[in-house]
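In: What shape does this take:
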Amino acid sequence: MDSAPQYCRRCGEQLVTGLIASSRRHCCLNATPIVGACPEHGPVGPHDAVSDDCHADGHDSSR
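Out: From the prediction side, this is the model:
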């Protein structure tokens, strides 16, 4: 797994990683791996993770 911080594409919050994030698929009905957990949106897959929070849709440039 990549050691660089990941951010939620939707809100820009840093994803929490650890036990929840792995390359294993957690359900036979959904083959999306979990990259991390967003405090606002819960578990997210690679399609909702970005490596820089300025690429997030909900980024507030005044922060």
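
In: Count the neighbours of the closest residue in space to residue 32 that isn't next to it in sequence for me.
Out: Nearest residue to residue 32 in three dimensions, chain neighbours excluded: residue 45, at 4.1 Å (CB to CB, 6 or more residues apart in numbering). Bear in mind the C-beta positions are built from the backbone N, C-alpha and C, glycine included. Residue 45 sits with 13 neighbouring residues when counted by other CB atoms under 10 Å.

In: quick one, what contacts residue 45?
Out: By CB atoms under 8 Å, 6 or more residues apart in numbering, the contact set of residue 45 is 32, 33, 34, 35.

In: Not counting its neighbours along the chain, what's nearest the third one?
Out: Distances taken as CB to CB, 6+ apart put residue 43 closest to residue 34, at 4.8 Å, once the chain neighbours are dropped.

In: elements contacting the helix or strand the one you found falls within?
Out: Under the criterion of DSSP states H and E, residue 43 resides in strand 42-44. Helices and strands touching strand 42-44, by 3 or more CB pairs under 8 Å, 6 or more residues apart in numbering; DSSP states H and E, are strand 36-38.
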